[in-house]
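J.: Sharing a sequence plus its predicted fold:
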Amino acid sequence: MNDSELRPLISAEQIRARVQEMGRQIQTDYPEGPLRLIAILKGACFFLSDLARAIQRDVSIDFMGIASYGRGKSSSGEVKVTKDLDNEIAGLDVLIVEDIVDTGITLAYLCQVLQQRKPKTLRIATLLDKPSRRLKPVDLAYVGFQIPDEFVVGYGLDYAERYRNLANICVLAEGFEEARPDE
């Protein structure tokens, strides 16, 4: 990884502080009863881990895999479930934990699928929101950071499965993907 590929956007310290704030707010909003956190794989796993620890109450965790990007930098527009939940959500307070909300296509589809399973409540927590790209409306209950229309990586977000392990969120240099050899 070379520094000319990446420009820091949000530091690890800023992420840590904001996730703690979000955890406190979620704890206030859900003072009792079962709370199920559903992380969208793969990107949200870093955010989920930190957010779950920031919520000082019992939570249960499940995962879903949703595909709409493939290996490129733009959504294909076609959404498919690649991994379904392991547990039922009927009657539970459910919080979808997402790394980034961009067009809203994926989350609108996912909310429709999950609402059919009759949760008590269904809300969304996202680390990053890119509202300028929204094509489908989605109601975001908890937002870490609103960001400009740039392609970001780090803290779980990737480009072709690279950069997920970065502690910061960085902007991937324009034109970088063209310079990369095929894998």
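T.: All right, it came through fine.
J.: How about residues contacting the helix of greatest length in the chain?
T.: Counting residues, the longest helix found in the chain (DSSP state H) is helix 12-29. Helix 12-29 is contacted by residues 35, 47, 50-51, 53-57, 95, 125, 127, 141-142, 144-145, 155, 167-169 when judged by CB atoms under 8 Å, 6 or more residues apart in numbering. (C-beta placed from N, C-alpha, C; glycine too.)
J.: From those, which land in strands?
T.: Using DSSP state E, the members of the contacts of helix 12-29 that fall within strands are 35, 95, 125, 127, 142, 144-145, 169.
J.: Next one, pLDDT for Ala67 please.
T.: You'll see Ala67 listed with a pLDDT of 81.
J.: show me what contacts it?
T.: Contact analysis of Ala67 by CB under 8 Å, 6+ apart lists 79-80, 82.
J.: Kindly state the beta-bridge partners for it.
T.: According to DSSP bridges, the residues that bridge with Ala67 are Lys80.
J.: Also Val171?
T.: Beta bridges link Val171 to Arg7, Val152, judged by DSSP bridges.
J.: Of the contacts of helix 12-29, just the buried ones, PyMOL syntax please.
T.: To isolate the buried members of these in PyMOL, using 16 or more other CB atoms under 10 Å:
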select buried, resi 35+47+50+51+54+55+95+125+127+141+142+144+145+155+168+169
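J.: So Ile96 sits against Ile124, correct?
T.: Yes: contact criterion CB atoms under 8 Å: Ile96 and Ile124 qualify, at 4.7 Å.
J.: Quick check: neighbours shared by these two?
T.: Common contacts of Ile96 and Ile124 (CB under 8 Å, 6+ apart): 107, 111.
J.: So which residues of this structure form helices?
T.: For the chain, helices defined by DSSP H occupy the ranges 12-29, 45-54, 105-115, 176-179.
J.: for these, which one ends up most surrounded?
T.: helix 45-54 (a mean of 20; mean count of other CB atoms under 10 Å).
J.: CA atoms only: put that helix into PDB for me.
T.: Extracted C-alpha coordinates of helix 45-54, given in PDB (Å, rounded to 0.1, in the frame of the first residue of the first chain):
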ATOM      1  CA  CYS A  45     -17.800  -6.000  10.900                       C
ATOM      2  CA  PHE A  46     -15.300  -3.500  12.200                       C
ATOM      3  CA  PHE A  47     -18.100  -1.000  13.000                       C
ATOM      4  CA  LEU A  48     -20.300  -3.700  14.500                       C
ATOM      5  CA  SER A  49     -17.500  -4.900  16.900                       C
ATOM      6  CA  ASP A  50     -16.800  -1.400  18.200                       C
ATOM      7  CA  LEU A  51     -20.500  -0.400  18.400                       C
ATOM      8  CA  ALA A  52     -21.600  -3.500  20.200                       C
ATOM      9  CA  ARG A  53     -18.900  -2.900  22.900                       C
ATOM     10  CA  ALA A  54     -20.100   0.800  23.100                       C
END
